[in-house]
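Novice: This is the structure alone, sequence omitted:
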């Protein structure tokens, strides 16, 4: 491989500025541990001068046994017309206990005059004094030139002066920021190339994704000589997000030959991306490159027929290299090759069962004509295939359920569900309340199954979608319900269809639990003892 690239993860700082993302201290510590296991070189933990949560994080992160990453605290240059030694932001950085500080300063003369309202000369002094002070405190200093590319395009001489001040003060890294995310890859390449001629300090890139070029701009900067890339997991960040490290890292390593993390660590990229999305309570786009569930999914019969002969016909890398896997989707558009491949993935051999593949395909087409959608509900599809092949042992059987929804003028709507299920000959009758009828059903079913399958507490419903299939029927129209369930290792999707939304929801909900309990997700096969917990050891 050629040069190594240092990966700087700012999920815990810049990523949390994304809309809808709020991480507790515990969340940030968990993610930091995972990022360290992934092999990133720097973890930007937050801005200790801005809030108490980040101060607590920096106190507690020292307790983690991080093996690869350096934790860095973020802040700005000193305030105008003050001494660096007396600036509360800088002194808080030093007091945070980190060994690396990342500070940003103004590169764009427009910002100097408009945002901080000072002179160009004072801004240069602010940069120099701040870096010098932090270096005098024994810290490694990463200087982020905010709005550098906009500043360079507007006044290149002054933009270069700002980073020279950081260099002369002893900065260990100078990172060029496309803060507004509006630059093009060719501009990034040309400017980074010119900067490399002007300074000797190692250069990094910090790209935002406002033109959907965060990854492309990061790669362009590396090709021009940058050796540090800043970004976030899953591209989280303010506005349109930051450069997505889930794409940056494999592109650099697998496509351009740069060394970022070990091959073994790269194989954990998909699981880490999903883990971070789970902790952040953010839905992970299925079509996200490399790590999304659809990144190596194949639906068209011609495509599937080809990948069965050789995967490289429609896959640009081996999915397992980034912790993903090949998926074959089965729908009304599928041929027998789709089904045979899917069956092989599940350990079923349909080719040796006379007419079984055609029978299942026909069943799928009939169900999809009724409104089912199996390409988005792999778990329901697997259950149906196992049932058709005689390899499904039902973990429980529904006997009945009832739902009561009550609304009075003085009280909000309340929902209560009563569920009766049979688990290997034993009936369980439970009741539970919930935030709506589906949540009540979920709680009641979970309550009934928990004594038999204690690990079921590890799974939860993460998404619920309803689509009206025929609006001509108005409130009597048939609906399709898709439920996404997950734990920290897996996610799966199930589907139900009915003209009654509760029945459709029930079908999808039951499939979610059935799938978990056949050993494909949250419950290990060896723990599926069908007896109540209190009887296991008797």
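Specialist: That came through, no problem. Note that the coordinates shown come from a computational prediction; the quantities given were computed from them, not determined experimentally.
Novice: Look up how far residue 411 lies from residue 70.
Specialist: Taking Cβ to Cβ, to the nearest Å as the measure, residue 70 falls 54 Å from residue 411. Where C-beta positions appear, they are placed from N, C-alpha and C, glycine not excepted.
Novice: The two - which one has more neighbours?
Specialist: A side-by-side neighbour count of residue 70 and residue 411, using other Cβ atoms under 10 Å, places residue 70 first with 18 against 8.
Novice: Could I get the phi/psi values of the more buried one?
Specialist: phi -100, psi 130 (degrees, to the nearest 10).
Novice: Nearest spatial neighbour of it, chain-adjacent residues omitted?
Specialist: With Cβ to Cβ, 6 or more residues apart in numbering as the measure, residue 100 is the residue that lies nearest to residue 70, at 4.9 Å, once sequence neighbours are left out.
Novice: Counting neighbours, what do you get for the one you found?
Specialist: Around residue 100 there are 22 other residues, counting by other Cβ under 10 Å.
Novice: and it, what pLDDT?
Specialist: Looking at residue 100, its pLDDT reads 98.
Novice: Equivalent analysis for residue 472, please.
Specialist: The per-residue confidence score, pLDDT, reads 55 for residue 472.
Novice: what residues does the helix or strand harbouring residue 7 touch?
Specialist: Taking DSSP states H and E as the definition, one finds residue 7 inside strand 6-9. Under the contact criterion Cβ atoms under 8 Å, 6 or more residues apart in numbering, strand 6-9 has outside partners 35, 39-44, 69, 72, 142, 175, 204, 227-233, 245, 248-249, 260-261.
Novice: Tell me which entries of the residues you listed lie within strands.
Specialist: 42, 43, 44, 72, 142, 175, 204, 228, 229, 230, 231 (DSSP state E).
Novice: I'd like those residues as JSON lines, with distance to residue 435 and neighbour count appended.
Specialist: Compiled in JSON lines, the ones in strands among the contacts of strand 6-9 are given as follows (distance: Cβ to Cβ, whole Å; neighbours: other Cβ atoms under 10 Å):
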{"residue": "42", "distance to residue 435": "41", "neighbour count": "24"}
{"residue": "43", "distance to residue 435": "36", "neighbour count": "27"}
{"residue": "44", "distance to residue 435": "36", "neighbour count": "24"}
{"residue": "72", "distance to residue 435": "40", "neighbour count": "26"}
{"residue": "142", "distance to residue 435": "45", "neighbour count": "30"}
{"residue": "175", "distance to residue 435": "45", "neighbour count": "26"}
{"residue": "204", "distance to residue 435": "46", "neighbour count": "27"}
{"residue": "228", "distance to residue 435": "46", "neighbour count": "22"}
{"residue": "229", "distance to residue 435": "42", "neighbour count": "28"}
{"residue": "230", "distance to residue 435": "40", "neighbour count": "28"}
{"residue": "231", "distance to residue 435": "36", "neighbour count": "33"}
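Novice: show me where pLDDT drops low in the chain?
Specialist: Low-confidence segments of the chain, defined by pLDDT under 70, span residues 1-2, 330-338, 349-355, 375-376, 470-476, 488, 519-538.
Novice: nearest spatial neighbour of residue 253, skipping sequence neighbours?
Specialist: With sequence-adjacent residues excluded and distances taken as Cβ to Cβ, 6+ apart, residue 253 is closest to residue 260, at 5.0 Å.
Novice: isn't the one you found right next to residue 252, touching?
Specialist: Yes. Contact criterion Cβ atoms under 8 Å: residue 260 and residue 252 qualify, at 5.4 Å.
Novice: Show me the common contact partners of these two, please.
Specialist: residue 5.
Novice: And the next helix or strand past whatever helix or strand residue 93 lives in?
Specialist: In this structure, residue 93 sits in helix 88-95 according to DSSP H and E. Using DSSP H and E, the helix or strand that follows helix 88-95 towards the C-terminus is strand 100-106.
Novice: Contacts for that next one next, please.
Specialist: The set of residues that contact strand 100-106 without belonging to it, under Cβ under 8 Å, 6+ apart, is 42, 44, 70-77, 90, 93-94, 112, 115-116, 123, 126-127, 130-131, 134, 139-147, 151, 162, 166, 175, 177.
Novice: ditto for stretch 48-66
Specialist: Residues outside stretch 48-66 that contact it (Cβ under 8 Å, 6+ apart) are 12, 24-25, 28-29, 32-33, 36, 43, 45-47, 71, 73, 75, 88-89, 92-93, 95-98.
Novice: quick one on the thing from earlier: what's the residue nearest to residue 253 sitting at in phi/psi?
Specialist: As for residue 260, its main-chain torsions (degrees, to the nearest 10) stand at phi -120, psi -60.
Novice: How about residue 115?
Specialist: Dihedral angles phi and psi of residue 115 (degrees, to the nearest 10) take the values phi -80, psi -50.
Novice: Compute the number of surrounding residues for it.
Specialist: 12.
Novice: OK, contacts around it?
Specialist: When contacts are counted by Cβ under 8 Å, 6+ apart, residue 115 touches residue 106.
Novice: ok but residue 497 is inside a helix, no?
Specialist: No. The assignment for residue 497 (DSSP: H, G, I helix; E, B strand; the rest coil) gives strand, which keeps it out of a helix.
Novice: Skipping adjacent residues, who's closest to it in space?
Specialist: Setting aside the residues directly before and after it, residue 497 is nearest to residue 371 in space (Cβ to Cβ, 6+ apart), at 4.2 Å.
Novice: got the buried residues for the strand holding residue 7?
Specialist: In terms of neighbour count (16 or more other Cβ atoms under 10 Å), strand 6-9 has its buried residues at 6, 7, 8, 9.
Novice: now the second one, nearest residue through space, not along the chain?
Specialist: By that I understand residue 7. residue 40 (4.4 Å).
Novice: Isn't that neighbour up against residue 70?
Specialist: No. Taking contact to mean Cβ under 8 Å, the distance of 9.5 Å between residue 40 and residue 70 leaves them out of contact.
Novice: Spit out the contact partners of the residue nearest to residue 7.
Specialist: For residue 40, the contacting residues are 7, 8, 9, 68, 69, 245, 261, taking Cβ under 8 Å, 6+ apart as the criterion.
Novice: separation between it and residue 228?
Specialist: The value you get for residue 40 to residue 228, if Cβ to Cβ is used, is 11 Å.
Novice: Just the buried positions in the top helix by length along the chain, please.
Specialist: Within the chain, and with DSSP state H defining each element, the longest helix by residue count is helix 120-136. By 16+ other Cβ under 10 Å, the buried positions in helix 120-136 come out as 123-135.
Novice: now stretch 500-508
Specialist: Of the residues in stretch 500-508, 501, 502, 504, 505, 506, 507, 508 count as buried by neighbour count, 16+ other Cβ under 10 Å.
Novice: what do you get for stretch 410-420?
Specialist: Within stretch 410-420, the residues that count as buried by 16+ other Cβ under 10 Å are 415, 416, 417, 418, 419.
Novice: With secondary structure and distance to residue 182 as extra columns, can I get these in TSV?
Specialist: Conversion of the buried residues of stretch 410-420 to TSV gives the following (DSSP: H, G, I helix; E, B strand; the rest coil; distance: Cβ to Cβ, whole Å):
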residue	secondary structure	distance to residue 182
415	strand	48
416	strand	54
417	strand	52
418	strand	57
419	strand	55
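Novice: Thanks a lot, catch you later.
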